[in-house]
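[1] My questions are about this predicted structure, shown below with the sequence.
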Amino acid sequence: MDLVLVAIHLEISPRAVPLGPAMLASVLRRSHGDALAVRVLDLYLDQDPQACADRILEGDPAWVGFSMYLWNRDRTLAIARLLKARRPDLTVFAGGAEATADPDGVLADPAVDLVLPGEGEELILVAVDGFLRGLAPAAIQAALRPGPVADLATLPSPYLDGTLDPSRYTGQLWELSRGCPFKCDFCFESRGRSGVRRIPMARLEAELRLFEARGVDQIFVLDPTFNFDRVRAKAVLRLIAATAPGIHFFFEIRSEFVDRELAGLFAALRCTLQIGLQSAHDAVLRNINRRIAPAAFASRILLLHRAGATYGFDLIYGLPGDSLEGFRQSLDYALGLAPNHLDLFCLSVLPGTRLHETASGFGLEHLAENPYLVTGSPGFPPEDLARAARLARACDRFYNAGKAVPWFAIVLGALELPASGLLEAFADHLEARPGPDPQEVQRDFLMALFADRGAPAMGTVAADLVTWFGCAARLTEAVPGPEPAGPRLHPDACLASFRHDPQVLLEQLAAGITELEDLSYVVPAGACRAVIHLREGEPRLRRLLPEEAEALDGLAGGRPVPEAPLAALAGEGLVLGLGAGAQAPRRGLGVRV
Ligand code: SF4
């Protein structure tokens, strides 16, 4: 073994794909063929560093390269030190975003011999040439000429040449372009070469066909402003619709380049859009070289909303010129646009960015080390940053994990609260009564909140909305897993409890009744069990007889149950595996399984 290229992932996830190392391996494979043995290795942050070093040293490599990011820098250096202690002759090098942002800092660690800053495909060829010629790392470092790859068409595809097997990963990273036309001060891209370089469409089409043929389920598109070139974006979306319509795609887009046609193309695909809002205040965004016109932003989002596209936003707290109150207003603005999810981050002042140079001028204080988080500013003292962080956790739990988008405005309207006010109340509740199930905590919180206001019936209707929409979202997003044996509820179904008549509730919603107070008058109260299930992708409700509910509770609890009460449900395809349960099958039951 000559070379090991290591990716240390945050965790096992669909995004944990070693695309960067594989790109380098592809280039080396093309240039050196079998004369050079290259291995791409996946490791994870929760693995023991000694065990990681063992894995790396399998095959006795001569050179080891790490893909280094902000969040794996410390672990990477710890493993590099272990490697050097065991194999002082080993050459260790680092590339990736963190090595690019702070090459001198990384190189200052004695365990690192060489740094490849920036795009690595051309640098790795120079480095390996130097290794093969026996040059000292310092000489190789001096010979490197970092810079972007001018023409991405010259790079091989690690998917198409077999370096990266899509079947090995649950998701894929799909690179469409490099570079960004914008220059946001907090972002590394602001320091890159201006302009966007794109992968040719012919290669994208071939990769898509491969993904489809290998049964890929989800793809994360690497293009920070996918729709900046609307013509090309539409061409890519049409290509996806024709080639890989069953795959779920995740895009990062800019709101200002959304038009009606693009919104329709997104909505016709299985995809999720992420939009960097960062703040709703133009005066704050100007401090980081961004702009927003809130009314124009909202009108573009409305196009996506009306088309039925799924979108989410990013917001940052701790921005120069911002305050807790300003952040709350941004949160209220963002949630008022009904995003599917809202991701809230504390500002990081990353070395190598323009913000790193301007931070002191704004009075921003921040950690000197990874993760470089803001710790205070004139408008955002430490105690307010802590409150913003608490708000962020509450939003993630209540809105994102709680799948709140379909009913959030209904509840908010009844409470006459701003979104930030509701989330702050939820943060209090969460501290007092945490629980593992987001929907259970939501129901408890809402029923307590409405009860405190003397409107318990509105609280129980709100709890039923949480149940219906939460189950429906869970079923729609569920990834098929291994099927257990024996009697079981269909995997596209879940058991639910309601406090009001769920059929009447759904009829009223379908008729356009969305005031919680009205619903609490017209929907009869009364405990009810039901199965929520998917039919042709749409959620449906099936009320349960008491004996059916009891039998399903028994199944859920792993207890032996009589089969007779489940016969009708099996006949409807909602219960599977009848006749293979803990009890001996009854002869002649006559249900379809
Ligand atoms: S934040 Fe996004 S739009 Fe701004 S420079 Fe970075 S990649 Fe470009």
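    Looks like it arrived, so ask away. Numbers count the residues shown, from 1 in each chain.
[2] tell me which parts of this protein are close to the ligand?
    180, 182, 183, 184, 187, 189, 190, 224, 225, 276 (Cβ under 6 Å from any ligand atom). From N, CA and C alone the C-beta is placed, and that goes for glycine too.
[3] which ones are touching the last one?
    If I follow you right, that is residue 276. 252, 254, 313, 314 (Cβ atoms under 8 Å, 6 or more residues apart in numbering).
[4] how would you label the residue found closest to residue 114 once you drop the neighbours it is linked to in the chain: helix, strand or coil?
    Of all residues beyond its chain neighbours, the one nearest residue 114 is residue 93 (3.8 Å), with distances taken as Cβ to Cβ, 6 or more residues apart in numbering. The three-state assignment at residue 93 reads strand, by DSSP: H, G, I helix; E, B strand; the rest coil.
[5] just residue 514 next, same as before
    Once three-state DSSP is applied, residue 514 turns out coil.
[6] Quickly note the distance from it to residue 279.
    Distance, residue 514 to residue 279, using Cβ to Cβ, to the nearest Å: 30 Å.
[7] Please apply the same query to residue 411.
    Residue 411 is 25 Å from residue 279, by Cβ to Cβ.
[8] Residue 5 - that's part of a strand, no?
    Yes. Using three-state DSSP, the assignment for residue 5 is a strand.
[9] wait, isn't it in contact with residue 24?
    Yes. Applying Cβ atoms under 8 Å, one finds residue 5 in contact with residue 24, separated by 5.8 Å.
[10] Quick check: phi and psi on the nearest residue to residue 175 once chain neighbours are set aside?
    Among residues not flanking residue 175 along the chain, residue 222 sits closest, at 4.3 Å (Cβ to Cβ, 6+ apart). When read as degrees, to the nearest 10, the backbone of residue 222 gives phi -100, psi 90.
[11] Tell me who's in contact with residue 222.
    19, 173, 174, 175, 176, 177.
[12] try residue 415
    422, 449, 450, 453.
[13] are any of these buried, and which?
    422, 449, 450 (16 or more other Cβ atoms under 10 Å).
[14] which stretches of this structure have low pLDDT?
    Within the chain, the ranges that satisfy pLDDT under 70 run 1, 190-194, 479-483, 580-593.
[15] Recalculate using a threshold of 80.
    1, 189-194, 435, 477-486, 579-593 (pLDDT under 80).
[16] Next, work out how far apart residue 23 and the ligand are.
    19 Å (Cβ to the nearest ligand atom, to the nearest Å).
[17] quick one: what helix or strand has that residue in it?
    Assessed by DSSP states H and E, residue 23 sits inside helix 19-32.
[18] try residue 17
    Counting by DSSP H and E, residue 17 is part of no helix or strand.
[19] So it is in contact with residue 173, correct?
    Yes. With contact defined as Cβ under 8 Å, residue 17 counts as touching residue 173 (4.7 Å).
[20] Same drill for the two, tell me which one is more crowded.
    With neighbours defined as other Cβ atoms under 10 Å, residue 17 and residue 173 compare such that residue 17 has more, 23 against 20.
[21] ok, now how distant is that one from residue 217?
    13 Å.
[22] Over to residue 346?
    Distance from residue 346 to residue 217, by Cβ to Cβ: 32 Å.
[23] And those two? Which one has more around it.
    Counted by other Cβ under 10 Å, residue 346 and residue 217 do not tie: residue 346 has more neighbours, with 19 against 16.
[24] which residues touch the more buried one?
    By Cβ under 8 Å, 6+ apart, the residues touching residue 346 are 316, 317, 318, 373, 374, 385, 388, 389, 392.
[25] So of those residues, which two are at opposite extremes in space?
    374 and 392 (13.3 Å; Cβ to Cβ).
[26] more crowded one of those two?
    residue 374 (25 against 21).
[27] Nearest residue to the more buried one in space, ignoring adjacent ones along the chain?
    For residue 374, the spatially nearest residue (Cβ to Cβ, 6+ apart) is residue 318, at 3.8 Å.
[28] list the contacts for residue 321?
    If you count contacts by Cβ under 8 Å, 6+ apart, then residue 321 has 281, 283, 284, 287, 362, 379 around it.
[29] quick one: it and residue 185, what's the gap?
    12 Å.
[30] any shared contact partners between these two?
    residue 287.
[31] wait, doesn't residue 66 sit right on residue 76?
    Yes. Residue 66 is within contact range of residue 76, at 4.7 Å (criterion: Cβ under 8 Å).
[32] Those two: which is more packed in?
    residue 66 (31 against 28).
[33] Checking that one next. Helix, strand or coil?
    Assignment for residue 66 (three-state DSSP): strand.
[34] so who does it touch?
    Listed by Cβ under 8 Å, 6+ apart, the contact set of residue 66 reads 6, 8, 76, 79, 80, 92, 93, 94, 95, 96.
[35] What is the neighbour count of residue 524?
    9.
[36] Kindly report the same for residue 42.
    17.
[37] Then residue 3?
    Neighbours around residue 3, by other Cβ under 10 Å: 24.
[38] Same check on residue 556?
    13.
[39] what does residue 19 give?
    Count around residue 19 with other Cβ under 10 Å applied: 20.
[40] and the residue of the stretch 1-150 of the chain nearest the ligand?
    The ligand sits closest to residue 97 of the stretch 1-150 of the chain, with a gap of 11.9 Å, by Cβ to the nearest ligand atom.
[41] and the gap between that residue and residue 45?
    Taking Cβ to Cβ, one finds residue 97 at 16 Å from residue 45.
[42] what's the answer for residue 118, then?
    On the measure of Cβ to Cβ, residue 118 and residue 45 end up 24 Å apart.
[43] For these two, indicate the residue with more neighbours.
    residue 118 (20 against 13).
[44] how about the closest residue to that one other than its chain neighbours, secondary structure?
    Of all residues not flanking residue 118 in the chain, residue 146 sits nearest, at 4.3 Å (Cβ to Cβ, 6+ apart). With three-state DSSP as the basis, the three-state label of residue 146 is coil.
[45] And residue 98, by the same measure?
    Applying three-state DSSP: residue 98 is helix.
[46] Give me the neighbour count for it.
    26.
[47] got a list of what it touches?
    68, 69, 70, 72, 73, 106, 370.
[48] let's see it at 6 Å
    Residues in contact with residue 98, defined by Cβ atoms under 6 Å, 6 or more residues apart in numbering, are 68, 69, 70, 73.
[49] Generate the PyMOL command that creates a selection of the buried members of the residues you listed.
    Provided next is the PyMOL selection string for whichever of those are buried by 16+ other Cβ under 10 Å:
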select buried, resi 68+69+70+73
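[50] ok, residue 234 to residue 359 distance?
    Residue 234 is 39 Å from residue 359, by Cβ to Cβ.
[51] Looking at the two, which is more packed in?
    Remark: of residue 234 and residue 359, residue 359 carries more neighbours, 21 against 17, as counted by other Cβ under 10 Å.
[52] Could you pull up the residues touching the more buried one?
    residue 349.
[53] Okay, it and residue 372: tell me how far apart.
    In terms of Cβ to Cβ, residue 359 sits 10 Å off from residue 372.
[54] next one: residue 28
    Residue 28 is 33 Å from residue 372, by Cβ to Cβ.
[55] same thing with residue 338?
    Distance from residue 338 to residue 372, counting by Cβ to Cβ: 33 Å.
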